[in-house]
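K.L.:
Show me the folded form of this:
(one chain, ligands or ions: 1)
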Amino acid sequence: MTAALRLRPTMLSDLDWVVSLERDGANLPFITPWERPQHEGAIRFPDSRHFIVEEGDELARIGFVILQGCRNPNGSVELKRLVMQAKGRGLGRAVVRQLKAMAFTQLKAHRFWLDVKALNTRAFSLYQSEGFVEEGRLRESVRVAIDGADGYDSLIVMSLLDREYRARTALGLEGG
Ligand SMILES: CC(C)(COP(=O)(O)OP(=O)(O)OC[C@H]1O[C@@H](n2cnc3c(N)ncnc32)[C@H](O)[C@@H]1OP(=O)(O)O)[C@@H](O)C(=O)NCCC(=O)NCCS
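P.N.:
Model prediction:
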């Protein structure tokens with residue numbers, strides 16, 4: 001199943017779909033959606049990579065990814081955004097594995113990092129089980145106003161270092 005996943009650069013013609021996926025109620029609580037010009041910037045700016053995740057022979061769009069810091073002088077590459085349309089099928093995990101390989105092999109990252117909202121237990125468990133280590137919490141740093149509730153959530157900063165990735169690879173934890 002995972003072999004049928006492919007990452008390809010996002011095109012401007014994909015952005016209506018990307019923006020609508022961000023604003024879908026299944027994703028909105030977990031991300032901070034961008035305006036279309038921000039996505040256009042991420043496509044054009046050399047420090048960023050914007051990808052569509054495709055699946056199957058029909059190459060149907062099933063998600064998108066944004067990396068930032070790809071030219072960071074400290075080798076600190078950020079997984080800025082990951083959104084999968086079909087959830088709970090193991091596809092997010094497969095994409096995270098591809099992104100780790102890209103960050104450490106192609107982009108020569110020293111540190112691959114991200115932040116995730118504390119309420120996003122699904123994404124947190126995924127990142128944790130893929131070797132990302134919690135660095136700390138930015139307490140009550142994002143406003144949460146959903147379903148009539150109004151409050152704050154914390155952001156959990158997580159990272160994986162190149163030597164930790166190599167150790168996981170040696171142990172066969174990064175798949176084939
Ligand atoms: C987070 C996201 C990318 C994960 O992709 P996915 O394809 O749904 O995830 P997977 O099917 O690969 O599941 C990965 C793991 O998540 C965990 N998980 C899944 N559902 C969960 C839930 N409801 N609660 C806690 N953990 C959960 C499990 O550990 C699962 O692995 P396992 O079933 O092998 O044990 C996707 O759900 C998504 O797009 N969510 C909305 C946007 C978002 O949160 N993006 C990340 C922002 S940091």
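K.L.:
Tell me which helix or strand Val18 sits in.
P.N.:
helix 15-23 (DSSP states H and E).
K.L.:
helices and strands around that helix, which ones?
P.N.:
Where contact means 3 or more Cβ pairs under 8 Å, 6 or more residues apart in numbering; DSSP states H and E, helix 15-23 is packed against helix 36-44, strand 60-68. C-beta: built from backbone N, CA, C; applies to glycine.
K.L.:
Return the most buried member of those.
P.N.:
Greatest average neighbour count among those goes to strand 60-68 (a mean of 20), per mean count of other Cβ atoms under 10 Å.
K.L.:
Show me the strands paired with the helix or strand that that strand is followed by, marking each as parallel or antiparallel.
P.N.:
Next helix or strand after strand 60-68 toward the C-terminus (DSSP H and E): strand 76-84. With DSSP bridges as the test, strand 76-84 is paired with strand 60-68 (antiparallel), strand 111-117 (parallel).
K.L.:
can the shortest one be found next to the ligand?
P.N.:
Yes. Using Cβ under 6 Å from any ligand atom, strand 111-117 reaches the ligand at Val116.
K.L.:
how big is the angle separating the helix or strand following that strand from strand 111-117?
P.N.:
Later in the chain than strand 111-117, the nearest helix or strand by DSSP H and E is helix 121-129. Angular relation of helix 121-129 and strand 111-117 on a 0 to 180 degree scale: 160 degrees, by axes from the mean of the first three to the mean of the last three Cα atoms, to 10 degrees.
K.L.:
still on that earlier bit, I'd like the strands paired with strand 76-84 laid out as JSON lines, including mean pLDDT.
P.N.:
Putting the strands paired with strand 76-84 into JSON lines (pLDDT from 0 to 100) gives the following:
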{"stretch": "strand 60-68", "mean pLDDT": "97"}
{"stretch": "strand 111-117", "mean pLDDT": "98"}
